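*Asks:* here is the input, now give the coordinates:
(chains A and B)
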Amino acid sequence: MNTEASTSETAEARFERWVLPEVGGRLRVARSMTHNNHDAEDLVQDTMLRAYRSIDRFDGRYPRAWLLTTMRNAEINRHRRQRPVLLTEAQQTLPDPVADGGATAESTVLDLTFDAAVEEALAHLSPDFREVIELVDIAGLSYAEAAEVVGIPEGTVMSRLHRARGRVRTRLERHGYDAGRPR
Amino acid sequence: MSILTKIRRRRMAARIDCAEVGAVLQQYLDGELDATTSPLVEAHLEMCRECGLEASIYIDVKDALANQGDLPHDSVQRLREFASRIANGDIPAGEHE
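*Replies:* Coordinates of the predicted model:
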C-alpha cells in the first residue's frame, strides 16, 4: 500500500485516507489526556480541524504519530486558553488513599475491580510515565512511533514503559491483586 | 505435545536463563523482540513456572490497560460524522496553514 503523499491528491482525499480511520484510536488517547469524555471529544474535534488545516504539509509517513503530535499541541493550547484560576485548581494534587494508608483507604481500594484498580494506578503515574503507557498500551503505537511523538530515543520509551508498568504492578499488589488476580 | 517436541522445547528453553528472559520480557510481550530471541523466550516461558507467572502478570496489566481504551459508541459515531463533514467540506476548517 502506498502511504506516501501524492501531490495530486486533494486535502479532502488526504484527510479521508489518513485521519478518518484514526478517529477511534485518537479518542482513546484523548480520554487518557483529558480524563473525561466531553473534553476528549472536543480535543479530537480540535485535532481533526488542525490536521485538516496542515494536511498539505504532511508527507504521509507515520500518520498516527503526526496526529498524536497534532493532538498534543491542541491539548497544550486548550490548557493555555483556560483561566489561571482553573489551571491552579486542576493542578491541585488529589489525595492518595493508598499512600496515606489506614482503614478507610483499604476499604476504598479493596472494592475496586481489576480494571478500575488499573485505571486508578494509571492516574497516579507521573506524566512522563503515563504518556508512554497511553501511547503504547492504550493507543497501540510501536516503541519507534511513541519515540517520534514524544521526541525521545526509543530506548528511553522502553525504559519508561518498563518502569511505569512496574509501578502499576506494585500499586495493584497494594490493592490486593497478585499476578493480576484478587488474592 | 509429543515427547520429542517437549525435548526440543526444553533444549530451546535452556538456551536462555531467567535473568536474560526478565531483561527482555516486556519487549517480547510488546512484539518488539527480534526474531531470533523471541522463540527462545517463548519456549522458556512455557517451561519455567516462575517466568511464566511473571509474564502472566504483565499480560494481565497490558490487557487491563488496553481495556482503558474501550470507547463509548455514541462518541465515536459523533466524531466520525464530524470527520466526514470536514472531508466533505461541510465544516469550514479555516485557511490551510
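*Asks:* tell me the SS of the residue in chain B positioned nearest to chain A?
*Replies:* Checking chain B residue by residue against chain A with CB to the nearest CB singles out residue B:60 as nearest, at 2.6 Å. Using the backbone N, CA and C atoms, a C-beta is placed for each residue, glycine as well. With DSSP: H, G, I helix; E, B strand; the rest coil as the basis, the three-state label of residue B:60 is helix.
*Asks:* quick one: it and residue A:114 touch, right?
*Replies:* Yes - Residue B:60 is in contact with residue A:114 according to CB atoms under 8 Å; the separation is 7.5 Å.
*Asks:* so how far is stretch B:76-90 from its chain's centroid?
*Replies:* When distances are taken as CA atoms, centre = their mean, to the nearest Å, stretch B:76-90 is centred 31 Å away from the chain's centroid.
*Asks:* neighbouring contacts of it?
*Replies:* A:12, A:15-16, A:19-20, A:23-24, A:27, A:41, A:44-45, A:48-49, A:52, B:91, B:93 (CB atoms under 8 Å, 6 or more residues apart in numbering or on different chains).
*Asks:* stretch A:130-142 too?
*Replies:* The set of residues that contact stretch A:130-142 without belonging to it, under CB under 8 Å, 6+ apart, is A:25-26, A:28-29, A:32-33, A:64-65, A:68, A:122-123, A:125, A:143, A:145-146, A:149-150, A:157, A:160-161, A:164-165, A:168, B:30, B:32, B:62, B:65-66, B:68-69.
*Asks:* buried ones among these?
*Replies:* A:25-26, A:28-29, A:32-33, A:64-65, A:68, A:122, A:125, A:143, A:145-146, A:149-150, A:157, A:160-161, A:164-165, A:168, B:30, B:32, B:62, B:65, B:68-69 (16 or more other CB atoms under 10 Å in any protein chain shown).
*Asks:* among those, name the ones in strands.
*Replies:* Among the buried ones among the contacts of stretch A:130-142, no member falls in strands (DSSP state E).
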